[in-house]
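> Here you go, sequence then predicted model.
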Amino acid sequence: MSIKEDNLNKNWKKDFPIQKQEATQVSRREFAKFLTLVSGGLMVGSGLIAAKTHFFPKEEVEGEHLVCHKNDIPLGGTRSFVIEGSTIPYILIHLKNGTFRAYEQKCTHLSCSVFYSPESEKIECPCHHGFFNADTGEVLAGPPPRPLPRLEVVEKENGELFVRKIMNGEL
């Protein structure tokens, strides 16, 4: 063995001072037990989440809810809001064409918070670069599997903006 190789071996032993006898070995059987335990835990967790979703569906929006006055949101601006009695965040968008749209502010991919970009006129999810059409809520690009859930925006004569659930067949 050369002097250089001998020095490398000595330096390695200084960095990792564990003797072979002290190293614990994991048998195949122990490893298989561990994998079975982890897989079972993941299966039970997934089952609990599915049961929660089935037995406790998210709150439905009922009736009309005041968000703000139309002059409170400039053209291309947004306002985040939560409907009373709910925990779901929504976003109200004043599009450049003058119309208003309201969507859930959670991406349909992994529930990251989305935001409206007036420059691109798209709703963006910064987590995995998902893009939604700001006028329809439809997916334009990225991993989101479904369009954003939408609420109907109702403008009253006095300029107040209300939101309500979209009935089947509307819009």
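It's in.
> what secondary structure does the most centrally placed residue in the chain sit in?
With distances taken as Cα atoms, centre = their mean, S111 lies nearest the centre of the chain, 1.9 Å away. Judged by DSSP: H, G, I helix; E, B strand; the rest coil, the three-state class of S111 is coil.
> which sections of this structure are below the confidence cut-off?
1-13, 15-24, 59-61, 167-171 (pLDDT under 70).
> which one's the longest helix in it?
helix 28-55 (DSSP state H).
> what about the strands in the protein?
With DSSP state E as the criterion, the chain has strands at 65-69, 78-82, 89-94, 100-104, 115-117, 122-125, 130-133, 139-141, 150-155, 160-165.
> elements contacting the second one?
On a contact count with 3 or more Cβ pairs under 8 Å, 6 or more residues apart in numbering; DSSP states H and E, strand 78-82 meets strand 65-69, strand 89-94. C-beta: built from backbone N, CA, C; applies to glycine.
> Tabulate those strands (CSV), appending mean neighbour count and distance to E124.
Below are those laid out as CSV (neighbours: other Cβ atoms under 10 Å; distance: least, Cβ to Cβ, whole Å):
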stretch, mean neighbour count, distance to E124
strand 65-69, 17, 21
strand 89-94, 21, 11
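> Outside of stretch 142-158 itself, which residues are in contact with it?
With Cβ atoms under 8 Å, 6 or more residues apart in numbering as the test, stretch 142-158 has contacts from 61, 64, 67, 70, 90, 92, 100-104, 107-109, 114, 123, 125, 128-132, 136-139, 161-166, 170-171.
> out of these, which are buried?
Neighbour counting with 16 or more other Cβ atoms under 10 Å marks 61, 67, 70, 90, 92, 100-104, 107-109, 114, 123, 125, 130-132, 137, 139, 161-165 as buried within those.
> List the single closest residue to L110 in space, sequence neighbours excluded.
C127 (6.2 Å; Cβ to Cβ, 6 or more residues apart in numbering).
> Tell me, how many residues neighbour the one you found?
Using other Cβ atoms under 10 Å, C127 has 15 neighbouring residues.
> Could you pull up the residues touching it?
107, 109-110, 112.
> Apply 10 Å and report the result again.
C127 makes contact with 107, 109-114, 142-143, according to Cβ atoms under 10 Å, 6 or more residues apart in numbering.
> In those, find the pair that's most separated.
By the measure Cβ to Cβ, S113 and P143 form the most distant pair in the contacts of C127, at 15.7 Å.
> Endpoints of stretch 101-109, how far apart?
Stretch 101-109 has an end-to-end distance of 20 Å (Cα to Cα, to the nearest Å).
> Quick check: G159 touching V67?
No: between G159 and V67 there is no contact, the gap being 11.8 Å when judged by Cβ atoms under 10 Å.
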